[in-house]
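Chemist: generate coordinates for the sequence data below:
(chains A, B, C and D)
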There are 4 protein chains.
Amino acid sequence: MKYRCSCAPPPKWAGLPRLGRVPEDCHVSTAERATRELLVELLRAFYARGWVSGTGGGICGPADGGGLLLAPTGVHKERVQPDEFFTVNPLDGQVVRAPANPELRPSECNPIFCLAARRRGARSVVHSHALSAVLAADLATGADLATVPDHLEIRDLEMLKGIRGLGNRDVHLVPVIRNTPREGELVQQLEVALADDRFAGAFAVLVADHGAYVWGDDVWEAKRHAEVYHYLFEAAVARRDRRKEDPR
Amino acid sequence: MKYRCSCAPPPKWAGLPRLGRVPEDCHVSTAERATRELLVELLRAFYARGWVSGTGGGICGPADGGGLLLAPTGVHKERVQPDEFFTVNPLDGQVVRAPANPELRPSECNPIFCLAARRRGARSVVHSHALSAVLAADLATGADLATVPDHLEIRDLEMLKGIRGLGNRDVHLVPVIRNTPREGELVQQLEVALADDRFAGAFAVLVADHGAYVWGDDVWEAKRHAEVYHYLFEAAVARRDRRKEDPR
Amino acid sequence: MKYRCSCAPPPKWAGLPRLGRVPEDCHVSTAERATRELLVELLRAFYARGWVSGTGGGICGPADGGGLLLAPTGVHKERVQPDEFFTVNPLDGQVVRAPANPELRPSECNPIFCLAARRRGARSVVHSHALSAVLAADLATGADLATVPDHLEIRDLEMLKGIRGLGNRDVHLVPVIRNTPREGELVQQLEVALADDRFAGAFAVLVADHGAYVWGDDVWEAKRHAEVYHYLFEAAVARRDRRKEDPR
Amino acid sequence: MKYRCSCAPPPKWAGLPRLGRVPEDCHVSTAERATRELLVELLRAFYARGWVSGTGGGICGPADGGGLLLAPTGVHKERVQPDEFFTVNPLDGQVVRAPANPELRPSECNPIFCLAARRRGARSVVHSHALSAVLAADLATGADLATVPDHLEIRDLEMLKGIRGLGNRDVHLVPVIRNTPREGELVQQLEVALADDRFAGAFAVLVADHGAYVWGDDVWEAKRHAEVYHYLFEAAVARRDRRKEDPR
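Modeler: Next up, the predicted model:
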């Protein structure tokens, strides 16, 4: 059954957006309120970097009681307000709490985010449409993505240490799966990739022609991993450009 | 007949600009006030991205009574104030309301914006001088732009879903027309492009050596389309650079 | 004789800088106060773009009585305060008014700025260290810069209309001079360039390995010209990169 | 013996971060308070530029009594607060004062920063993970980094004047050392590089696959040097890209 919070939604799209605050008497814990405000802050920061432009991309984080806070679909992500998140059950993706605004719908990322939560224990997932992720996935798409996940190999970079469990001498493989017409249909491929031993240490998956999903144990780890993986994608593209002409 | 609002214009160019507010007693509806403030906000955001630098580029949005709010020409676009827009009749481009400042003139985009309004029902149009649009148009200019519109073909990108009516498997054609000495003279070519069945699904036109016009049903759709098309232009250029040397 | 304003300088470098305001009782006109505040604002904006980083670059604008307001040398340009400008006489570059802080010295741009004021009537000049200007100058440095100014040819861009007097069909030549150990020594070369009929319509000069000087009749025109020329430099470099491999 | 300041740490990660202020009654001088606030401000600015993303990178500056203020390790650098710095003795790297929060640990940069302080008298060091530094180091890694430091040669750029002691006609050599599993292990290589006469005038060292360390006599010089060296790295990469295909 859906629980609908009775908080009035803040006026939308009026003038320069500010970081709204969840009202003090809202029916969520202090911790969830802080998480909602942090997700809103990060969506604005990610928008400024070009990761969630054109209403694409998104983020989720931990809700009270084990749920996931999920941004709505089809909205300008830099303008999401703290009371506009859905709470979904990661076991089945069902919405257990919806924002007061009846026009909002949960993000299409829902099944992907829930899968990362179930298979990897992720409590926060970032979905990025960064062009650097698309170009990095291009580096891997010589193989037959239609049947098995391919991968991007990353090595020789200090920033690998920013990924939990890695040192800067490690060779890190990021799975690359093919894009599908709807995001929910990516689930089957992602299941295969997450079960692949080669990718046991990965906290990200690249989707060809699309972007990346990056996760962590909490919002802060997801943020750190998102920053690190985007750096690694940019480095991979920049170095490939140069080494193509000037092999070392 | 021109109606001149008696609101005093805010002091211009004094110190760091702030988002001015239309006075409460101004003779426009609350909805139009919000639109004016939003257009001002977006001009500043577009300026920060390099889409409307050097006083170039612009935007229009819906005015009360079916008109279009049009920014003035030749001004630093990031400093336009909410009471500095013209209201034009999209049927003939005539100014039906002018800002109090008699030095302001309506943007040269006027006939283009009105044409998009008449032929496509656009209620908001963004005109961008982004370098990515110029470079994307360069990709298409092998053909004889002097006689027929050429096009940029975009495919294999999830971001296509950000354009109304498209899926990520679609092949999307954006018309490319040649530049002319004055913006009003682009109208004839744009008429031909908008009547071309190949471009029935396009919400943008590229102008070679110049930039792009991008539109939508309202300001929010125009903003989303503008973000999506700029992403597509950047992706087209970046991928062409790489595939030239490394064909897949 | 130097006139020293008795205004106490604001505390420097303490915490996040804010745009200082010249005290109401300062011995300058309202117009000059507004200009000082605008120059400070623009230095911060130019810093954010990478035009005046590492204490390099600068700007001047009109002072009361026909002088030029000149930023100090060797300071972090994004932190200059409104009462830290020198006033110089453009006829001879002599300082006619100095800021209260005795540690400040006038910018090395002084003789160049004054020359642009005398030869072209410029009331405001921007000096940029933008990397795009250096790379654009590289495009021209095949010739013998040691003896005569070379040039960068710019054509086929709508943004040319942002330069006073130009249309988008014009072919615009920007002089390129060689760098010298000290900025004052650029004067002789600039004299030659400004006397060269080929460059009669130019509001900018490129200095190889260094950057650019861009001017206008007032601060707003200098700002517009600076934005336009940097766009043109970026476009020239981007198109040269692409046409090298794929000539049209 | 560690002295633990009894100041309560500010609430962390709650909403949009603001620049915290060290409480008035904190046991540090006004000068150190200003330095702590400045370091916090610069970490945020460096984060915005991509120099300290993913919790990487860092900075140190002068503490009261000859110590170095050192940011903690593994934290999001743009969110460090003024009371979260460690004070270390540059002679041996020992922590002489720690922040109240017992979960914080001193940055791994500690031995490198202290070495720069001892060998070069640096009172402030910036550690950057900028991709431009990695790509610049790639330009030098044809040699056998495993045995001797290699270098990046920089010439023909006005911005060289932004480095203390240099003119724009100088040829400047920046040492490039190889990366090691832990940052402390870089010390031995850095000792060799700093003792190498070729690098007597360098205020920076590049670490291959990693980034750069840049220093100065005080925080302002370290900031200026950091801006200048990053510019030089970007210029070196951009020019190498172009000259490879089009030698002058």
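Chemist: what's the local residue count around residue A:31?
Modeler: By other CB atoms under 10 Å in any protein chain shown, 11 other residues sit near residue A:31. Placement of C-beta: from N, CA and C, glycine included.
Chemist: ugh, typo on my part, it should be residue A:91
Modeler: With other CB under 10 Å as criterion, residue A:91 counts 11.
Chemist: who are the contact partners of it?
Modeler: A:114, A:118 (CB atoms under 8 Å, 6 or more residues apart in numbering or on different chains).
Chemist: mind listing what residue A:168 touches?
Modeler: When contacts are counted by CB under 8 Å, 6+ apart, residue A:168 touches A:157, A:158, A:160, A:161, D:179, D:181, D:209, D:210.
Chemist: residue A:202: which element?
Modeler: Using DSSP states H and E, residue A:202 maps to neither a helix nor a strand.
Chemist: is it true that it touches residue A:174?
Modeler: Yes - using CB atoms under 8 Å, residue A:202 makes contact with residue A:174 at a distance of 5.4 Å.
Chemist: for chain A, what's the longest helix?
Modeler: Criterion DSSP state H: the longest helix present in chain A is helix A:219-245.
Chemist: tell me the mean pLDDT over that helix?
Modeler: Rounded to a whole number, the mean pLDDT of helix A:219-245 is 93.
Chemist: need the three-state assignment for residue A:61.
Modeler: When classified by DSSP: H, G, I helix; E, B strand; the rest coil, residue A:61 comes out as strand.
Chemist: circling back: now the longest helix of chain A and helix B:219-245, what's the angle there?
Modeler: Using axes from the mean of the first three to the mean of the last three CA atoms, to 10 degrees, the inter-axis angle of helix A:219-245 relative to helix B:219-245 is 40 degrees.
Chemist: point to the residue nearest the middle of chain A.
Modeler: For chain A, the residue sitting closest to the mean C-alpha position, by CA atoms, centre = their mean, is residue A:126 at 1.7 Å.
Chemist: and that one, that's in a helix?
Modeler: No - looking at residue A:126 with three-state DSSP, it is strand, so not inside a helix.
Chemist: least confident secondary structure element in chain A?
Modeler: Least confident element among the helices and strands of chain A, by mean pLDDT, DSSP states H and E: strand A:3-4 (a mean of 35).
Chemist: next helix or strand past that strand?
Modeler: helix A:30-48.
Chemist: ok so, going back, chain B: which of the contacts of residue A:168 is nearest?
Modeler: Nearest to chain B among these, counting by CB to the nearest CB, is residue A:157 at 20.3 Å.
Chemist: now do the SS call for the closest residue to that closest one other than its chain neighbours.
Modeler: Spatial nearest neighbour of residue A:157, chain neighbours left out: residue D:209 (5.4 Å); criterion: CB to CB, 6 or more residues apart in numbering or on different chains. Under three-state DSSP, the three-state class of residue D:209 is coil.
Chemist: looking at it, residue D:209 is touching residue A:156, isn't it?
Modeler: Yes - between residue D:209 and residue A:156 there is a contact under CB under 8 Å: 4.7 Å.
Chemist: who touches both of these two?
Modeler: Common neighbours of residue D:209 and residue A:156 (CB under 8 Å, 6+ apart) are residue D:179.
Chemist: give me the domain ranges for chain A.
Modeler: Split into domains by automatic domain parsing, chain A comes to A:1-107, A:108-248.
Chemist: for those, which has the smallest mean pLDDT value?
Modeler: Among those, domain A:1-107 carries the lowest mean pLDDT, a mean of 82.
Chemist: starting at the chain centroid, how far to that one?
Modeler: Its chain's C-alpha centre and that of domain A:1-107 lie 14 Å apart, by CA atoms, centre = their mean, to the nearest Å.
Chemist: all good on my end, thank you.
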